[in-house]
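Colleague: Here is a sequence together with a model predicted from it:
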Amino acid sequence: MPEPNLTAYSKLFTQAVARVLANEGGYVRLASDPGGATKFGISQRDYPELDIAALTRDDAIAIYFRDFWNAGRYGELPDAIAIKLFDLSINMGPAHAVRCLQRGLRSCQTAVAEDGALGEASIAAAKRANGEALLAALRSEAAGYYRAMAEVAVSKDEKGETSFLTGWLNRAYQ
């Protein structure tokens with residue numbers, strides 16, 4: 001598959017979407033996935049009007065730019081935090097990812113409201129924080145979120161399987 005023309009996008013978005021696409025992969029339709037069919041991380045549940053199987057990489061990138069990157073304000077964050085938070089938001093949802101960031105900020109001794117909204121206060125706090133410490137705290141909070149989700153999945157699954165946990169933790173610590 002040819003690489004998309006990313007020259008229309010910022011360097012930071014290009015790096016962030018490359019991380020997402022590497023983590024999300026191609027077309028998947030798993031019975032255990034409540035999102036239904038997904039391709040490049042775009043789910044049938046969230047985009048019922050799309051033919052997910054026919055979705056192109058360029059189309060997925062355009063959706064990520066329009067519906068996630070711009071809407072989520074990730075480009076206003078320090079680079080490493082923007083890339084990490086964007087990737088997490090695709091997998092766990094923006095509100096959960098931002099709560100992880102806000103908890104990480106608290107562990108870096110910067111109190112912000114834990115409301116799941118990436119607003120002015122959270123963005124300013126992320127800019128003031130020690131970047132390496134905040135990234136480590138964000139990774140830790142994401143791992144905790146994923147472990148909690150795996151426990152919920154086990155409680156719903158008679159077999160006790162947590163088939164997604166290893167991948168989720170790899171994503172958290174990446």
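Modeller: Happy to help now that I have it.

Colleague: which stretches of the protein have low pLDDT?
Modeller: 1-7, 32-33, 152-163, 165, 168 (pLDDT under 70).

Colleague: mind checking which helix or strand A16 is in?
Modeller: For A16, the host element (DSSP states H and E) is helix 11-24.

Colleague: let me redo that: A117
Modeller: Under the criterion DSSP H and E, no helix or strand holds A117.

Colleague: re the thing from before, could you point out the helix or strand that follows the helix holding A16?
Modeller: Helix 11-24 is succeeded, C-terminally, by strand 38-39 (DSSP H and E).

Colleague: Quick one: name whatever helix or strand follows that following strand.
Modeller: Next along the chain after strand 38-39, taking DSSP H and E as the criterion, comes strand 42-43.

Colleague: What are the contacting residues of that following strand?
Modeller: Under the criterion Cβ atoms under 8 Å, 6 or more residues apart in numbering, residues D33, G35, G36, A37, L50, I52, L55, A60, I63 lie in contact with strand 42-43. For glycine as for every other residue, the C-beta is placed from the backbone atoms N, C-alpha and C.

Colleague: Out of those, which end up buried?
Modeller: Buried residues within those, defined by neighbour count using 16 or more other Cβ atoms under 10 Å: G35, G36, A37, L50, I52, L55, A60, I63.

Colleague: Spell out the residue ranges of the helices in the chain.
Modeller: For the chain, applying DSSP state H gives helices covering 11-24, 57-63, 71-72, 79-92, 94-107, 120-128, 131-156, 165-173.

Colleague: still on that earlier bit, which of the contacts of strand 42-43 sits closest to S107?
Modeller: G35 (30.3 Å; Cβ to Cβ).

Colleague: hey, what's the nearest residue to that closest one once chain neighbours are set aside bridged with?
Modeller: Spatially, and ignoring its direct neighbours in sequence, G35 is nearest to S43 (3.4 Å; Cβ to Cβ, 6 or more residues apart in numbering). Legend: beta-bridge partners of S43 under DSSP bridges are T38.

Colleague: and the gap between S43 and E114?
Modeller: 26 Å (Cβ to Cβ, to the nearest Å).

Colleague: just D51 next, same as before
Modeller: According to Cβ to Cβ, D51 stands 38 Å off from E114.

Colleague: ok, G116 - contacts?
Modeller: Listed by Cβ under 8 Å, 6+ apart, the contact set of G116 reads P94, A95, H96, V98, R99, Q102.

Colleague: Max pairwise distance over the residues you listed: which two?
Modeller: P94 and Q102 (12.2 Å).

Colleague: who's more crowded, these two?
Modeller: Q102 (24 against 20; other Cβ atoms under 10 Å).
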